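Enquirer: Starting from these lines, generate the structure:
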Amino acid sequence: MNRGKIFFVLLKTAIFTAVVPFTVGWWLPTRIHRASDVSANAPSGGFAPQVLSYFLLLLGAAVYLWCAWDFSVKGLGTPAPIDAPKNLVVNGLYRYVRNPMYLGVFCIVASRALYFWSLPVLFYFVVAATGAMLFVHFYEEPHLRKIFGEQYVDYRRSVPGWPPRFSAIRTDR
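Expert: A predicted model of the protein is given here:
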């Protein structure tokens, strides 16, 4: 694939990222908190939750961006279900867990709940995570089995869906 095509895929990934993960991970939790609390502009959980919130924010953003890069450059597609990767991505963080991109966004939402010390944002986290897990189970996994066949079935057997494993699968086979 030439550089122009990869650039175009990266551009589409950037647009998707600005719309969906940013909205789900950052914008909506902030709006939910502000709608539920008059003093919404100031963090209120204390020093330790604030530090943890920044750590989760940076971790979540790094995980998401790494995976989005792999989807674009190695998978030749985007995180958007309507423009999914053409190649099954089984390297990078995908050697440890099948859904690291979702986990990255979950970290960002959790960072907002901690930053604001907000029960409504925590409730939103539970609802968003449940929705994502149901989407993966009922749409993404059957779709990946249909598209990639035995390659995906083998990958699914080797790598857990949600809790990351601490040792990576070998991808050099």
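Enquirer: which residues sit against stretch 45-57?
Expert: P43, C107, I108, A110, S111, R112, L114, Y115, F116, W117 (C-beta atoms under 8 Å, 6 or more residues apart in numbering). Where C-beta positions appear, they are placed from N, C-alpha and C, glycine not excepted.
Enquirer: now, which of those residues sits nearest R3?
Expert: Minimum distance to R3 across the contacts of stretch 45-57 is 30.2 Å, recorded for I108 (C-beta to C-beta).
Enquirer: In three-state terms, label the closest one for me.
Expert: helix (DSSP: H, G, I helix; E, B strand; the rest coil).
Enquirer: Next: A168.
Expert: Secondary structure state of A168, per three-state DSSP, is coil.
Enquirer: again with Y155
Expert: Assigned with three-state DSSP, Y155 falls in the helix class.
Enquirer: What's the local residue count around it?
Expert: 19 (other C-beta atoms under 10 Å).
Enquirer: picking that back up, can you lay out the contacts of stretch 45-57 as CSV showing neighbour count?
Expert: Putting the contacts of stretch 45-57 into CSV (neighbours: other C-beta atoms under 10 Å) gives the following:
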residue, neighbour count
P43, 15
C107, 21
I108, 24
A110, 22
S111, 27
R112, 25
L114, 24
Y115, 22
F116, 27
W117, 17
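Enquirer: Those residues in helices, which ones?
Expert: Residues of the contacts of stretch 45-57 located in helices (DSSP state H): C107, I108, A110, S111, R112, L114, Y115, F116.
Enquirer: give the contact list for the fourth one.
Expert: Looking back up the chat, that one is S111. Applying C-beta under 8 Å, 6+ apart, the residues near S111 are L52, S53, Y54, F55, L56, L57, G60.
Enquirer: Model confidence for it, exactly?
Expert: pLDDT recorded at S111 is 96.
Enquirer: if I look at it, how far off is F22?
Expert: Distance from S111 to F22, counting by C-beta to C-beta, to the nearest Å: 13 Å.
Enquirer: before we move on, what about the second one?
Expert: I108 sits 9 Å away from F22 when distances are taken as C-beta to C-beta.
Enquirer: Show me what counts as buried in the biggest helix by length in the chain.
Expert: The longest helix of the chain (DSSP H) is helix 47-73. In terms of neighbour count (16 or more other C-beta atoms under 10 Å), helix 47-73 has its buried residues at 49-50, 53, 56-57, 59-61, 63-64, 66-68, 70-72.
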